[in-house]
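Peer 1: sequence plus the predicted model coming up.
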Amino acid sequence: MPAGDRLLAGVATWLQADYADYLRHVRHDTTGEGEARLTASLHPTAPAVVITATDIGRVTVSAETAAAGPGYHRFLGQVLGR
């Protein structure tokens with residue numbers, strides 16, 4: 001298992017390569033709590049998706065899809081399923 005920051009750096013690279021047409025911005029940083037955080041905007045009206053990862057392998061995804069509708073919800077589920 002890679003460290004959290006390395007894992008999310010890979011996710012950022014993958015999003016930029018495979019979802020460049022949808023990706024509005026991506027930011028990768030660390031929190032003060034020892035977690036790495038990736039923030040990615042994939043839709044103009046939806047809040048950014050936030051993915052956090054720790055060095056012990058805990059990954060959390062937070063996203064609000066209601067504002068953009070069921071198509072975005074399904075799209076984001078497919079992105080995360082990969």
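Peer 2: Received it, and whenever you're ready, just let me know what you need. Numbers count the residues shown, from 1 in each chain.

Peer 1: switch to C-alpha atoms for all contacts and neighbour counts from now on
Peer 2: Fine.

Peer 1: quick one: residue 38 is in a helix?
Peer 2: No. Residue 38 is assigned strand when assessed by DSSP: H, G, I helix; E, B strand; the rest coil, not a helix.

Peer 1: make sure residue 16 is indeed in a strand.
Peer 2: No. Looking at residue 16 with three-state DSSP, it is helix, so not inside a strand.

Peer 1: residues touching it, list them.
Peer 2: Going by Cα atoms under 8 Å, 6 or more residues apart in numbering, residue 16 touches residue 23.

Peer 1: check which helix or strand the closest residue to residue 37 other than its chain neighbours maps to.
Peer 2: What sits nearest to residue 37 in space, not counting adjacent residues and going by Cα to Cα, 6 or more residues apart in numbering, is residue 52, at 4.4 Å. Following DSSP states H and E, one finds residue 52 within strand 49-53.

Peer 1: where along the chain do the strands fall?
Peer 2: 25-30, 36-41, 49-53, 59-62 (DSSP state E).

Peer 1: got the ones you listed as a markdown table, with distance to residue 14 columns?
Peer 2: Shown next, in a markdown table, are these (distance: least, Cα to Cα, whole Å):
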| stretch | distance to residue 14 |
| --- | --- |
| strand 25-30 | 11 |
| strand 36-41 | 12 |
| strand 49-53 | 14 |
| strand 59-62 | 16 |
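
Peer 1: just send the ones you listed back as a markdown table, with distance to residue 19 and mean pLDDT too.
Peer 2: Formatted as a markdown table, these follow (distance: least, Cα to Cα, whole Å; pLDDT from 0 to 100):
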| stretch | distance to residue 19 | mean pLDDT |
| --- | --- | --- |
| strand 25-30 | 11 | 90 |
| strand 36-41 | 11 | 95 |
| strand 49-53 | 14 | 95 |
| strand 59-62 | 17 | 94 |
